[in-house]
Each structure stands twice: as structure tokens, then as C-alpha cells.
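Enquirer: the sequence and its predicted three-dimensional model are supplied below.
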Amino acid sequence: MNSHPDHIAPLPSTHVDNGILGRVPSQYVAQALNSLPAPACTVDDEIRVEVDADWAGRVCLTFKKQHYRRSRAKTSYCSWLCTYAEAANGASDGPSPAAVVRRSQHR
């Protein structure tokens, strides 16, 4: 009784690959977000930021520019959305800044 007919496909998985983003404390994501330039003033669609996320270690966060507008509105808005996180490769021995911004050249 638990089998499905052949013409009914199972629902697709809702799993989204966001790396270790769920394990990065939110205050470090917010710290990285505050270090980014205004989204309307930059031509980059994707920016990567490295932060020292306490017990999670040094993490590289990927932010993508998101465009949106309200219905029937004549203006549009932009914001940054954190979509992916991964452990940063290699830790430097010297003093590290709170956030290092690396811009991707995707146009």
C-alpha cells in the first residue's frame, strides 16, 4: 500500500547545498555582511569574505547580490544574501583583520 503508481514522481529533495553555513554563528555572518560595500554601488554579483568565526575557525562566506522590487513599484532594491560557507584554506600566522573581502569577477 505504500508504493506509488509509476506516473506519479516522488517530490524532489529540498536539500540546498550551503556548505557549513548552518554551523557558523550568526553574529559572524552579520559581521561579514557589515564589512561589504553597498550592493547598489558595486558591479560584483558575488563577494567572498573570510572571517574568524570563534569555535568554527576561519570561514569563507559567499554573498550573492539579490535584486528585488515591490509590485507596481518604479524602484528596485539590492541586498546581499549569504548563500555558502566553507572552511578557509590555511591560517595566517600574522595578525588577521576581522574580515577580508575578496571580490569575484562575475559579470
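Expert: Now that the structure is in, tell me what you want to look at.
Enquirer: what about the strands in this structure?
Expert: Applying DSSP state E to the chain gives strands spanning 46-52, 58-68, 77-87, 99-103.
Enquirer: highest mean neighbour count out of those strands?
Expert: strand 46-52 (a mean of 20; mean count of other Cβ atoms under 10 Å). Using the backbone N, CA and C atoms, a C-beta is placed for each residue, glycine as well.
Enquirer: angle of that one against strand 77-87?
Expert: 50 degrees (axes from the mean of the first three to the mean of the last three Cα atoms, to 10 degrees).
Enquirer: quick check: angle from strand 46-52 to strand 58-68?
Expert: Going by the same axes, to 10 degrees, strand 46-52 makes 150 degrees with strand 58-68.
Enquirer: looking at strand 46-52 now, give me its mean pLDDT.
Expert: Strand 46-52 comes out with an average pLDDT of 94.
Enquirer: other SSEs contacting it?
Expert: helix 26-34, strand 58-68, strand 99-103 (3 or more Cβ pairs under 8 Å, 6 or more residues apart in numbering; DSSP states H and E).
Enquirer: so the first one versus strand 46-52, what angle?
Expert: Put simply, helix 26-34 runs at 130 degrees to strand 46-52, going by the same axes, to 10 degrees.
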